[in-house]
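Asks: below are the sequence and a predicted model; questions follow.
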Amino acid sequence: MNVRQLDISRRTIAVAAALIGTVSLVIGAHAALNMRSLDAAKAVSTDQVTGSIGQTSRLALVIGNGHYPDASAPLTQSINDARVLSSALRKNGFDVDMVEDASKDDMVRAVNRLKSRIKRDSVVMLFFGGYGVQAGRESYMLPVDAVIWKESDVRRHGVSIDGVIEMMKEQGAKAKLVVVDASRRNPYERRFRSYSHGLAPISAPDNALILSSASPGKVADDGKGEHSVLVSELLNNLDTKASAEAVFNKTRVAISRASEGDQVPTVSSSLLEDVQFNEAGG
């Protein structure tokens, strides 16, 4: 091998070594970047998990039905009530799904959305304002497209309040809060051969709290205000640091006194722990 060939071989070896070194650096840098990305992903995942600890899910389904074709006039209070209550609940940390003038399909979809989001630590609230009817000792929320001519139509076209509460229980909700403002003289009742005024008693399963605008079998006349008496009094107590049970009972007492006993809301409780509307309450 002459001197020129030896010089070329040395240069070739040097270039190859430089290339190998560069590739090694690239591989090392890529591996380090992957490790940093993996660590960052782990950190984000950990933050998400630890951030959720101690934070109770607060969900609310608010339904306000006002425009019923069979009614002589719309229930404007129900729509107003749904809107103002939704706003108040959001301020208190609830994730609210509000539905206005809901058809049967709208109500079923809304209940299914709620069902899919309930977790074991969820505090879940249902509010319904509109027409309610009892059939077979069970109370039903009526959609605006309900076609009611006989009692069996109530079960077919209505949405069972007890059924929604049972769904909450089956999904493992931590606490179940229900407000039903539907004890009105409905436009369908005289079509039935035999009918009952007002709503049937709504049973409270474990860890539930239920407020209904009137006693079972009684009807409440709508006032002339922007909001129903029930929602007006409920809002007056909602932002206090009192427990949800105390809020419902204060609302019941205030309405009873204001109406001189003509309207006495019903509160049913089986709560096993303290639940508050005001997230900052303590």
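Replies: On my side now, so go ahead. Numbering: from 1, shown residues only.
Asks: OK, contacts around residue 277?
Replies: Residue 277 makes contact with 89, 92, 238, 239, 244, 247, according to Cβ atoms under 8 Å, 6 or more residues apart in numbering. C-betas here are computed from N, CA, C, even on glycine.
Asks: now do 7 Å
Replies: 92, 238, 244, 247 (Cβ atoms under 7 Å, 6 or more residues apart in numbering).
Asks: so which residues make contact with stretch 131-144?
Replies: For stretch 131-144, the external contacting residues (Cβ under 7 Å, 6+ apart) are 63, 65, 67-68, 101-104, 106-107, 128, 130, 151, 154-155, 157-162, 180, 182-184, 186, 188, 196, 199-200, 202.
Asks: what are the ranges of the strands in the stretch 51-200 of the chain?
Replies: 58-64, 95-100, 123-129, 132-135, 138-141, 159-160, 175-181 (DSSP state E, counting those that start in this stretch).
Asks: burial measure for residue 204, as a count.
Replies: 17 (other Cβ atoms under 10 Å).
Asks: who's in contact with it?
Replies: Shown in contact with residue 204 (Cβ under 7 Å, 6+ apart): 210, 268, 269, 270.
Asks: secondary structure element for it?
Replies: Using DSSP states H and E, residue 204 maps to neither a helix nor a strand.
Asks: distance of it from residue 90?
Replies: 25 Å (Cβ to Cβ, to the nearest Å).
Asks: can you flag the buried ones in the contacts of residue 204?
Replies: residue 210 (16 or more other Cβ atoms under 10 Å).
Asks: of the contacts of residue 204, which belong to strands?
Replies: 210, 268, 269 (DSSP state E).
Asks: with pLDDT and distance to residue 255 as added columns, please give those residues in TSV.
Replies: Formatted as TSV, those follow (pLDDT from 0 to 100; distance: Cβ to Cβ, whole Å):
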residue	pLDDT	distance to residue 255
210	97	15
268	94	16
269	94	17
